[in-house]
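>>> Here you go, sequence then predicted model.
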Amino acid sequence: MRPLNVIAYIHAYVGTGRNAGAELTMHEMLFALRQAGHKITVLLSEPIEPNLPFAIDGIKVQPYASRKDPNLWMPQFDISVSHLGCAERAALISKDKGIKNVQVVHNTHQLTYDSLRAHCDLAVFNTDWVSDDCKVPVRNRMVLRPPVRPASYVIERGKQAVTLINMTEPKGARVFYELARRFPDVPFIGVKGGYGEQMLPGTASWAEALPNITILPNHHDVREVYAQTKVILMPSGYESFGRVAVEAAASGIPSIVSRTPGLMEALGDAGTYADSPMTMKTGEIPDDPWTLAMFDDWEAKLKVLLTGRGYGAASKAAKERSEFLWTQTERELEEFVIRTENLAYGYRKPVRGGEGDWEVLRTIR
């Protein structure tokens with residue numbers, strides 16, 4: 001079988017200053033196809049600096065030239081892959097040109113479902129709950145949880161800070177500042193995110209510049225942040241998964257999180273859950289977002305994790321959860337490669353064998 005030519009039409013990619021969860025997930029998926037022997041090209045819908053082609057892990061990245069780019073590039077390929085804001089255009093062009101289209105579904109937003117309705121040969125959902133929520137009739141679908149390789153995130157921890165990554169209000173910046181006030185002797189680290197309005201000290205009445213708060217820039221290597229972290233905060237209004245918590249768990253760093261469906265699926269019994277005004281669908285901020293009782297709950301949960309006994313149990317559970325998720329995701333990555341190849345080569349049914357392994361029945365053309 002000849003190698004497939006796969007194009008990913010997306011807005012941003014790793015190595016271009018946007019190493020958020022969706023971009024990291026896309027890279028792992030494309031890298032799995034690359035390891036299977038296929039040729040991968042990433043076509044960006046937005047300019048980068050410098051706006052020049054480059055390669056990462058054997059994957060070619062073609063920067064933005066004009067709005068005509070996808071129409072010019074995509075017909076040369078066997079399969080298109082896309083997500084988020086580029087998904088609908090990729091789907092429509094693929095349908096018009098007879099190209100097989102794969103869409104990665106990271107959320108439950110209406111725009112995402114509109115893209116699936118436009119055209120989709122394989123829908124890849126990032127969690128079971130997102131897949132269950134989607135009522136768009138897509139015949140070929142699967143779940144692939146965001147791949148988090150523990151070996152890529154294990155660090156030796158040094159300083160013992162409480163950390164929030166992405167200082168936006170929907171990600172829980174209010175809780176970060178409130179807890180920093182309530183624990184004046186504990187260091188807090190806030191990391192600027194790659195998107196959203198960053199609530200830095202002085203940007204709101206509740207965002208005080210406290211002596212125990214350190215603000216760090218958006219990091220290319222997030223391990224530098226985890227190396228300084230004892231506990232991760234994720235008071236998010238919406239998380240379809242919760243990659244930060246899973247990355248930190250690789251080093252036994254526990255998280256206190258909102259009870260969003262994504263975080264609960266990601267962390268299972270390894271999570272420490274606290275009350276928040278989270279919203280199931282959009283992550284919009286309620287008019288009266290946080291109550292005193294909610295802040296008290298987060299304070300109580302953090303107090304437990306700052307004790308030796310409470311921390312030890314939570315750290316052990318986090319480490320075990322990280323290892324379990326990667327074992328699960330390795331199988332899902334293999335299934336993704338098989339299903340993507342099936343689109344071009346013909347139907348090669350993956351059959352679950354013993355202990356969750358995959359046996360592949362190949363029809364070679």
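That came through, no problem.
>>> ok, then the element right after the host helix or strand of Ser80?
Ser80 is part of strand 79-83, with elements assigned from DSSP states H and E. For strand 79-83, the succeeding helix or strand toward the C-terminus, using DSSP H and E, is helix 87-97.
>>> Only the buried residues of that next one, if you could.
Buried residues in helix 87-97, defined by neighbour count with 16 or more other C-beta atoms under 10 Å: Ala87, Glu88, Arg89, Ala90, Ala91, Ile93, Ser94. Where C-beta positions appear, they are placed from N, C-alpha and C, glycine not excepted.
>>> Redo those as a markdown table? Include distance to Gly271.
Listed next are those as a markdown table, based on distance: C-beta to C-beta, whole Å:
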| residue | distance to Gly271 |
| --- | --- |
| Ala87 | 30 |
| Glu88 | 34 |
| Arg89 | 37 |
| Ala90 | 34 |
| Ala91 | 35 |
| Ile93 | 40 |
| Ser94 | 38 |
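>>> As JSON lines, these with distance to Thr340 and pLDDT would be great.
Below are the buried residues of helix 87-97 laid out as JSON lines (distance: C-beta to C-beta, whole Å; pLDDT from 0 to 100):
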{"residue": "Ala87", "distance to Thr340": "16", "pLDDT": "96"}
{"residue": "Glu88", "distance to Thr340": "20", "pLDDT": "96"}
{"residue": "Arg89", "distance to Thr340": "20", "pLDDT": "97"}
{"residue": "Ala90", "distance to Thr340": "15", "pLDDT": "97"}
{"residue": "Ala91", "distance to Thr340": "16", "pLDDT": "97"}
{"residue": "Ile93", "distance to Thr340": "18", "pLDDT": "97"}
{"residue": "Ser94", "distance to Thr340": "13", "pLDDT": "96"}
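>>> average pLDDT for the lengthiest helix in the chain?
Taking DSSP state H as the criterion, the chain has its longest helix at helix 308-345. Averaged across helix 308-345, pLDDT comes to 95.
>>> Buried residues, that helix. List them.
Under 16+ other C-beta under 10 Å, the buried positions of helix 308-345 are 310-311, 314-315, 317-319, 321-322, 325-326, 329, 332-345.
>>> Show me how far that helix is from its chain's centre.
Offset of helix 308-345 from its chain centre (C-alpha atoms, centre = their mean, to the nearest Å): 13 Å.
>>> With stretch 213-230 instead?
Remark: stretch 213-230 is offset 17 Å from the chain centroid, using C-alpha atoms, centre = their mean.
>>> That stretch: end-to-end distance?
By C-alpha to C-alpha, to the nearest Å, the extent of stretch 213-230 from end to end equals 14 Å.
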